[in-house]
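>>> after the sequence you'll find the predicted model.
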Amino acid sequence: MDNSKLEIDRNIGATAETAGVSRSPSDEPMDQVAPVNQLSGARVKPQATASQAKDGGGVRAEELAPASESSGSRMLMFESSESAESALMQMTPKKTTFDDNRDGKGTKEWSDFSYNICLGCEHECLYCYAKAMRCRFNKAMRVPGAWKKQRMSPNKKALGAEVGAKGVVMFPTTHDITPRFLRRSVKTIKNLLANNQVLIVSKPHLSVVRVLCKELTDHKDDILFRFTIGALSEPLCRFWEPGAPAPTERIRCLQHAYRKGFATSVSIEPMLAAWGEIVKLVARVEPFVTDTIWVGKMQRIPRKYNARVPGFEEAAALIKAQQTDADILKLVDDLEGNPKVRWKDSIKKVLDRRVAVQ
């Protein structure tokens, strides 16, 4: 996921809640997709049948029964039980799905709502925008290692049960599902599934994914796994994502979820390697992706809070040098025609600049 554009949890600016919060007890681990529209990034839905239309099967409410106007005010005319049903559908917002095309930025490109249960993250990725924002508002988080002490948020004791019908909920966005928080993450996902589809985004641990697939097997139609893999190089990933699993383990997680019959996707955002290596990464994961492969640049590298990390400035400079417009256009040209590849907004901006010059 692109942490530079995350929709930050509303707790980000609240410094009081993180001060003096003790760790919660450790959690113990518990032992075919529709065609894709390459331009929009959405899976194509078949036309609804007449019977589906009556039940609202993918058809917008306004297409079923338009409201009439009388004496200067709008009135819903209930002339029959069928028209009454259609009118009721008008008043009910259309529930969005994974297939819908979204024009938002960051997490809004993928989902309608974001949900998190933890503060901090054990993976402690150097490019994490959530960490940068937390450090900005909370001096205690600037202490080396403070962000890595992942803990439950005191404001999220309901574990998603308080969330109503939002459409597609992305979980998590400002932390990850680590073994310590697996049990409560499973509970949260199940609570969210009561009214929504859930997009699970993670740099995954194999032990976690095995449990998720087992616990959520009855909800396959409403779950999409999207695993973040920014490069194939283990040393490179270890530098930028010091607490996260190696890319080989993440690929094994992708394979496991795929073989268990879940919808799968990959996020190569941020890209951690040169464009040629990204092409190899796409080829490596594509056989196990049922949905899409999203590719995006690294943006707004948080230098201030990584100043003490040995080699950080050199690594950041290398990333910048590898993601020039010329390099991005080479990547786009090389992957052109791949029906699973989608470009994040950071790359769309480069394509827009190319169009403007032509």
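Nice, thanks for sending it over.

>>> CA only for contacts and neighbour counts going forward, please
Noted.

>>> next, V168: phi, psi?
The phi and psi values for V168, taken as degrees, to the nearest 10, are phi -110, psi 120.

>>> same check on R342?
phi -130, psi 140.

>>> buried stuff in stretch 348-357?
Across stretch 348-357, burial judged by 16 or more other Cα atoms under 10 Å covers V350, L351.

>>> which secondary element of this structure has the worst mean pLDDT?
helix 61-64 (a mean of 34; mean pLDDT, DSSP states H and E).

>>> how is the protein partitioned into domains?
3-29+97-357, 46-91 (automatic domain parsing).

>>> low-confidence ranges in the stretch 201-350 of the chain?
Along the stretch 201-350 of the chain, the model assigns pLDDT under 70 to no residue.

>>> got the residue ranges for the helices in it?
Secondary structure of the stretch 201-350 of the chain (DSSP state H, counting those that start in this stretch): helices located at 206-215, 234-240, 247-259, 275-285, 312-322, 325-335, 345-357.

>>> got the buried residues for the fifth one?
By that I understand helix 312-322. Neighbour counts over helix 312-322 (16+ other Cα under 10 Å) mark F312, A316, I319, Q322 as buried.

>>> didn't the second one look like it was pressed against I301?
Yes: at 7.2 Å, A316 counts as touching I301 under the criterion of Cα atoms under 8 Å.

>>> which intervals of the stretch 1-150 of the chain have sub-threshold pLDDT?
1-97, 99-102, 104-106.

>>> so which of the helices of the stretch 201-350 of the chain comes closest to R184?
helix 206-215 (11.5 Å; Cα to Cα).

>>> the closest one packs against which elements?
Using 3 or more Cα pairs under 8 Å, 6 or more residues apart in numbering; DSSP states H and E, the elements in contact with helix 206-215 are helix 182-193, helix 247-259.

>>> winner for burial among those?
helix 182-193 (a mean of 21; mean count of other Cα atoms under 10 Å).

>>> just the buried positions in stretch 123-142, please.
Those would be 123-136, 138, 140-142, for stretch 123-142 by 16+ other Cα under 10 Å.

>>> dump the residue contacts of the residue nearest the centre of the chain.
Nearest to the mean C-alpha position of the chain, by Cα atoms, centre = their mean, lies V201 at 4.7 Å. By Cα atoms under 8 Å, 6 or more residues apart in numbering, the contact list for V201 reads M1, M170, F171, P172, T173, D176, F225, R226, F227, T228.

>>> selecting buried members of those residues in PyMOL, what would you type?
Command for PyMOL that selects the buried part of the contacts of V201, burial taken from 16+ other Cα under 10 Å:
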select buried, resi 1+170+171+172+173+176+225+226+227+228
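
>>> so which of the contacts of V201 are in strands?
M170, F171, F225, R226, F227, T228 (DSSP state E).

>>> among these, which one lies nearest to R354?
T228 (27.6 Å).

>>> hey, what's that closest one bridged with?
Per DSSP bridges, the residues bridged to T228 are S267.

>>> could you measure from the closest residue to C125 other than its chain neighbours over to L335?
Nearest residue to C125, sequence neighbours excluded (Cα to Cα, 6 or more residues apart in numbering): E241, at 4.2 Å. Note on E241: its distance to L335, by Cα to Cα, to the nearest Å, is 26 Å.

>>> between those two, which one's more packed in?
Higher neighbour count among E241 and L335: E241, with 21 against 17, using other Cα atoms under 10 Å.

>>> how about K148, nearest residue that isn't a chain neighbour?
Among residues not flanking K148 along the chain, E122 sits closest, at 4.4 Å (Cα to Cα, 6+ apart).

>>> which residues touch that neighbour?
Here E122 is in contact with W147, K148, K149, Q150, H175, D176, T178, G243, A244 (criterion: Cα under 8 Å, 6+ apart).

>>> just the element for it, please.
Using DSSP states H and E, E122 sits within no helix or strand.

>>> I'd like the distance between it and A244.
8 Å.

>>> and V208, what does it touch?
By Cα under 8 Å, 6+ apart, the contact list for V208 reads P29, I177, T178, P179, L182.

>>> of these - the most surrounded one?
Going by other Cα under 10 Å, I177 tops these with 27 neighbours.

>>> do you know how far that residue is from F239?
I177 is 20 Å from F239, where distance means Cα to Cα.

>>> please apply the same query to A356.
For A356, the distance to F239 - Cα to Cα - is 37 Å.
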